[in-house]
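1. Got a predicted model here, sequence first, then my questions.
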Amino acid sequence: MKLKKIFISHASKDQKIIKAFIDDILHGALSVKISQIFCTTTDGTKIESGEDWRNSIRDALIDSRITFLIISPNYKESEVSICEMGAAWVCSGKVIPLMVDPVSYSSVGIIQQPKQIEKLLDETSLDRIRDIIQRELSINPEEIKSDRWTLKKKEFLQKVNLHIKENPFYLPLSREEFEKTIKEKEDLEGSLALLITEKSQAETLIEELKRAKDVEEIKAIEKKYSSTTSIEEFYELCEKVAEQLKKLSSIIRGAAYISFSGKDVRLGYQGWRDEIDDAISRDYIDEDQEADWVTSKVMRSLESSLNELDLFIKDHNEDEDFISAYDEEYDAPLSLSNIDFWEKAFNLSVVIS
């Protein structure tokens, strides 16, 4: 193999960028002969047929006067290119790293970080590269015409910038960013699987609701497909009752408790005369101080909510999971006939005397 003066280490995916660098800068502007350039992807500079490419690269690296490292995101992902970078640092004459955005000084690589690194697509960097090539290859300054250099340099920058705009690099990811992206992908896949399952369940629910004959069947179907746990349903029912009880004073809550529970307890009125009279006037209780479940909307809603809760409690008396969760939360018997239950479950004071 003929000895080469310039070695260009690059990623094969950057072939068009390298071809422009050779055609416009090295050969077109600086008159470097094609035969003096070693590049594995460009016509006239490739490895000769029949040669072992590894030996050819090794020999070219050892003998070259200048080694350009065209460090792009593609270069960073190429195993061969990274090996060439290390070898160039060890055995080549003049090593000139040329970064291509978005590669930066911090991401270029530990081997090159201590070196002065130029940017391939920067006019000032290209001017310095011209001076280095001229010096290292002993090119007569008379051979480099200023007007031609300026023209070819601008042609090169315009051509490569347009190529990158049409074929943008994928931004390199750090390990942290990569792992975060994988986690987000897994989360999205999990969400998608859940949505597919929920869609299927919704379609089945709709079909069953269409076949339901009455309100009770509809309620049973809704309960079947509900994702709410028993204790969560209990909390919701208690909150529904509590919202109605908050509209009553504590002594009138006591009247509601006595009437609903059926306990043989008399409502004391000492000190509560004004509250009792007000409740009678609003038809919350009657003159016998018993709850009036019919006349006012407040009391009708309260009785309905209490009945719903009472039915739930009866339906779950043998639900071990629910009973266990209830006992862990409340220190009161699970019964609407117990005043401690009213105060604990509804989180309100209930006065009967």
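-> Arrived safely, thanks for sending. Numbering: from 1, shown residues only.

2. Go ahead and flag the most central residue of the chain.
-> With distances taken as CA atoms, centre = their mean, E184 lies nearest the centre of the chain, 4.3 Å away.

3. What strand or helix carries it?
-> Secondary structure from DSSP states H and E places E184 in helix 175-211.

4. same for that helix, what does it pack against?
-> Judged by 3 or more CB pairs under 8 Å, 6 or more residues apart in numbering; DSSP states H and E, helix 175-211 is in contact with helix 215-225. Where C-beta positions appear, they are placed from N, C-alpha and C, glycine not excepted.

5. And F178, what's its pLDDT?
-> The score at F178 is 80. That number is its pLDDT.

6. Quick check: it vs V298, distance?
-> Counting by CB to CB, to the nearest Å, the gap from F178 to V298 is 60 Å.

7. Tell me which of these two has more neighbours.
-> The residue with more neighbours, out of F178 and V298, is V298; 16 against 11, by other CB atoms under 10 Å.

8. Distance from the strand or helix carrying that one to the middle of the chain?
-> Assigned by DSSP H and E, V298 belongs to helix 297-315. Mean C-alpha position of helix 297-315 versus that of the full chain (CA atoms, centre = their mean, to the nearest Å) differs by 44 Å.

9. got it, and stretch 250-261?
-> Distance, centroid of stretch 250-261 to centroid of chain: 52 Å (CA atoms, centre = their mean).

10. ok, residues contacting it?
-> Applying CB atoms under 8 Å, 6 or more residues apart in numbering, the contact partners of stretch 250-261 are 245, 248, 263, 265, 267, 269, 272, 275-276, 279, 284-285, 289-291, 293, 299, 302-303, 306, 336-339, 342, 348-353.

11. which secondary element of this protein has the worst mean pLDDT?
-> In the chain, the helix or strand scored least confidently by mean pLDDT, DSSP states H and E is helix 215-225, which has a mean of 66.

12. and the next element down the chain from it?
-> Heading C-terminal from helix 215-225, the first helix or strand you meet, by DSSP H and E, is helix 230-245.

13. domain parsing for this protein?
-> Following automatic domain parsing, one gets these domains for the chain: 6-166, 176-223, 228-346.

14. looking at these, which has the lowest confidence?
-> Mean pLDDT is lowest for domain 176-223 out of these, coming in at a mean of 79.
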